[in-house]
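Participant: Okay, here's the prediction I keep looking at, along with the sequence it came from:
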Protein chains: 2
Amino acid sequence: MGLQTAWIREGGRIVELAWGDGTTGRFHALWLRDNALDEQTRSPANGQRLVTILDLPPETFVTRADVTQDGCLSVCFIPEHKTVAFPGDWLRTRLYDRVHERRAGWTSPEITRWKAGDFSRSLPSASYATIVRDRSALGRWLEQVRRYGFALMSDMPQGSGKLCRVAELFGYVRETNYGRWFDVRAEVNPNNLAYTNLGLQAHTDNPYRDPVPTLQLLACLENSVEGGESTVVDGFAVAAALQEDHPEWFRLLSSHPARFEYAGSSGVRLRAKRPMIELAPDGELTAIRFNNRSTAALVDVPFEDMPEYYRAYRRLAELIEDPRFEVSFKLRPGELFIVDNTRVLHARKAFSGSGFRWLQGCYADKDGLLSTLEAIEEEQREKTR
Amino acid sequence: MGLQTAWIREGGRIVELAWGDGTTGRFHALWLRDNALDEQTRSPANGQRLVTILDLPPETFVTRADVTQDGCLSVCFIPEHKTVAFPGDWLRTRLYDRVHERRAGWTSPEITRWKAGDFSRSLPSASYATIVRDRSALGRWLEQVRRYGFALMSDMPQGSGKLCRVAELFGYVRETNYGRWFDVRAEVNPNNLAYTNLGLQAHTDNPYRDPVPTLQLLACLENSVEGGESTVVDGFAVAAALQEDHPEWFRLLSSHPARFEYAGSSGVRLRAKRPMIELAPDGELTAIRFNNRSTAALVDVPFEDMPEYYRAYRRLAELIEDPRFEVSFKLRPGELFIVDNTRVLHARKAFSGSGFRWLQGCYADKDGLLSTLEAIEEEQREKTR
């Protein structure tokens, strides 16, 4: 149902459009001019804009607006006397004359929140051997990471440090003071509680780091202990549950920064000041930070709000530990899981017994993952055209 | 002027403290319990908290609060019947019973905003040869980066890719689709306008990436062209100027996300949705994003606000191009500059002539830089004790 009609409104300041299915929407002349797709405005080679906002006349008007036979909007701008065309679909996917979501805590349709039991048939998973040779299988796996914030992988290449190859399938390792990758196993003098056999409360990694690593990979090399299961919790589902029952507590945790610190190794003094529940300025839920081990003294919450902030923090912790949000699995050698570290918390059950538990971790970032996924999706759309 | 007196208030829910200089402040019993420094609460080895908020009784009270001879607060908590001590200075630096800054756009005292002329004597700078062998000189250079958001370096090691060594002095290279480092020189078929001889409007790099690289290094290998000077602009000073003249425009740019995109290379489809002026939930100014080449269609601004948003965007661009904010220099071979890419914009003048301009860039992150700086500062405090 293509673009059908264009009207000039308000003396040329606005163009109103109507599509075949009844959708209508208005665009400002200056917005259209700024987003013109012609090759004087946008480089045909790389798509980058060749002009700045200061190159455009602030008093830009449309003098002509027609729908062409191929469903484009053709407009002429004054004072430049410049005619450009926009595909009707291009405009439609960029309609800003609509009701904008501003409710605190909303998430994009690409995200599905989940609880225990939602993966009763099978967890999001793929085989390394498959995705390394099948780009559409890689796309499906990455799409699950985008949607659920975690996924498993089997049939990993054997050997120390090989988990970096998984990150390199879609992006780039984020090197930190822990290295490009690091061992997670019981140590005698651990500089981090992760390197003990204690259970670890569900947490996001490195909230004391800004920018926080947005992806974490954990691969299993050995897991012959009793216990030592891995658990994942959807922080976005937990935040929604908190908001539903106690909107005021959700507001408190999202409107005051928390503090996080790590100083476990010499030469390392990491600190961050970010809220436990982070919202974009339009209310979109963008990140969860939660880690009992590295939460520092909370000093940005006003005295009067502190008791209620602690109630909110406690309730968040209770929900995070509530089995109705918990998905557990025991990693076997050759298996890995990835989490969106801005959303999905992970935990480890305590372990004991005669065996060993040897995991390796590495960090990466979502920019590369989402870019690769969108490139694959675009390739597939082009194939089916 | 140490801690002098402690009073129990509200039946043990609160402890009020007074220091010798007249400072007073109240702390909640539960806050004190959560932040206890004893070795059952915090690992003596790595400082991480060994308990979770759920391990602490929600109804925690203080039954005894004394100031010890060495200026510590000693408190006993019930129902745990647990006694712990806090150094008076430790509490004083964590006073939350105070007036909290919530005004939009404030910045930390560690940051000094600057304009053209503020560096009339000399730019923040150091020699690589010096900082590589003198840890306190490295500390001073890093302190300038934290304070001003940029600094120069001379006497770089010769050779392609050597700028990564500078990043490795304090942190870690952030690898991206451009590599660990990348060449910036005129190319025949550039996939990015940076690789032409065009002038580039002052911008932050890669706003289409989330997380954005928080540091950028640009090193000069050759610069024998006419023109090609580098410019830096303090985005935080520009934002403050916008806010002073037009608070409503500052509010518009900080309360609606912008969109950024880059699709210049095959397999790369980077997108981000973040505001041009980013504030923490307590109003702290945390980031500027500005890049005419990669700003995508703005679709999150409501129709009614779009004309005013564009006025704000134009005014921000005018201020960014205003010479009163601009600091310029021409890099010579062996010189490098670093910018805090969440704050300081950089630009390049157009160039021509018979010579060559060959720069190399790389990205890194502020977590490592600030961690190294704080570790050096701590070493120095310990030396002077």
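Facilitator: Here it is on my side, so go on.

Participant: Moving C-terminal from the helix or strand of chain A with the lowest mean pLDDT, which element do we reach first?
Facilitator: For chain A, using mean pLDDT, DSSP states H and E, the weakest element among its helices and strands is strand A:351-352, scoring a mean of 86. Secondary structure here is assigned by DSSP states H and E; on that basis, the next helix or strand after strand A:351-352 toward the C-terminus is strand A:357-364.

Participant: helices and strands around that following strand, which ones?
Facilitator: Judged by 3 or more CB pairs under 8 Å, 6 or more residues apart in numbering or on different chains; DSSP states H and E, the packing partners of strand A:357-364 are helix A:163-170, strand A:173-174, strand A:182-184, strand A:215-223. (Each C-beta comes from the backbone N, C-alpha and C, glycine too.)

Participant: out of these, nearest to residue B:42?
Facilitator: For those, distance to residue B:42 was read as CB to CB. The smallest value, 21.2 Å, belongs to strand A:182-184.

Participant: Centre of the chain to that closest one, how far?
Facilitator: Distance of strand A:182-184 from the chain centroid (CA atoms, centre = their mean, to the nearest Å) equals 24 Å.

Participant: same question for it, mean pLDDT?
Facilitator: Taken as a whole, strand A:182-184 has an average pLDDT of 95.

Participant: still on that earlier bit, the least confident helix or strand of chain A: how far from the chain's middle?
Facilitator: 33 Å.

Participant: what sits up against it?
Facilitator: In this structure, residues lying in contact with strand A:351-352 by CB atoms under 8 Å, 6 or more residues apart in numbering or on different chains are A:197, A:225, A:226, A:227, A:228, A:357.

Participant: beta partners of the last one?
Facilitator: By that I understand residue A:357. When assigned by DSSP bridges, residue A:357 has beta-bridge partners residue A:223.

Participant: sorry, back to before: nearest to residue B:90, of the helices and strands packed on strand A:357-364?
Facilitator: strand A:182-184 (30.5 Å).

Participant: Outside of the closest one itself, list whatever touches it.
Facilitator: Contacts of strand A:182-184 with the rest of the structure, by CB under 8 Å, 6+ apart, involve A:194, A:195, A:218, A:358, A:359, A:360, A:361, A:362.

Participant: how does it look with 7 Å?
Facilitator: A:194, A:195, A:358, A:359, A:360, A:361 (CB atoms under 7 Å, 6 or more residues apart in numbering or on different chains).

Participant: Next, format these as CSV and append pLDDT.
Facilitator: As requested, those are arranged in CSV below (pLDDT from 0 to 100):
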residue, pLDDT
A:194, 82
A:195, 80
A:358, 94
A:359, 95
A:360, 97
A:361, 98
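
Participant: just to revisit the earlier point, separate out the buried members of the contacts of strand A:351-352.
Facilitator: Among the contacts of strand A:351-352, those scoring as buried are A:225, A:228, A:357 (criterion: 16 or more other CB atoms under 10 Å in any protein chain shown).

Participant: any idea how far stretch A:228-248 is from the chain center?
Facilitator: On CA atoms, centre = their mean, the centre of stretch A:228-248 falls 16 Å from that of its chain.

Participant: Just the helices from chain A, written as ranges.
Facilitator: Assigned by DSSP state H, chain A shows helices spanning A:29-34, A:88-92, A:128-131, A:135-148, A:163-170, A:235-245, A:247-255, A:306-321, A:366-383.

Participant: before we move on, back to that, pick the most deeply packed of the helices and strands packed on strand A:357-364.
Facilitator: strand A:173-174 (a mean of 26; mean count of other CB atoms under 10 Å in any protein chain shown).

Participant: which outside residues touch that one?
Facilitator: Judged by CB under 7 Å, 6+ apart, the contacts made with strand A:173-174 from elsewhere in the structure are A:164, A:167, A:180, A:213, A:362, A:363, A:364, A:365, B:174, B:175.

Participant: Quick one: mean pLDDT for that strand?
Facilitator: What strand A:173-174 shows for mean pLDDT is 98.

Participant: from the contacts of strand A:351-352, which is closest to chain B?
Facilitator: residue A:197 (13.8 Å; CB to the nearest CB).

Participant: Lovely, talk soon.
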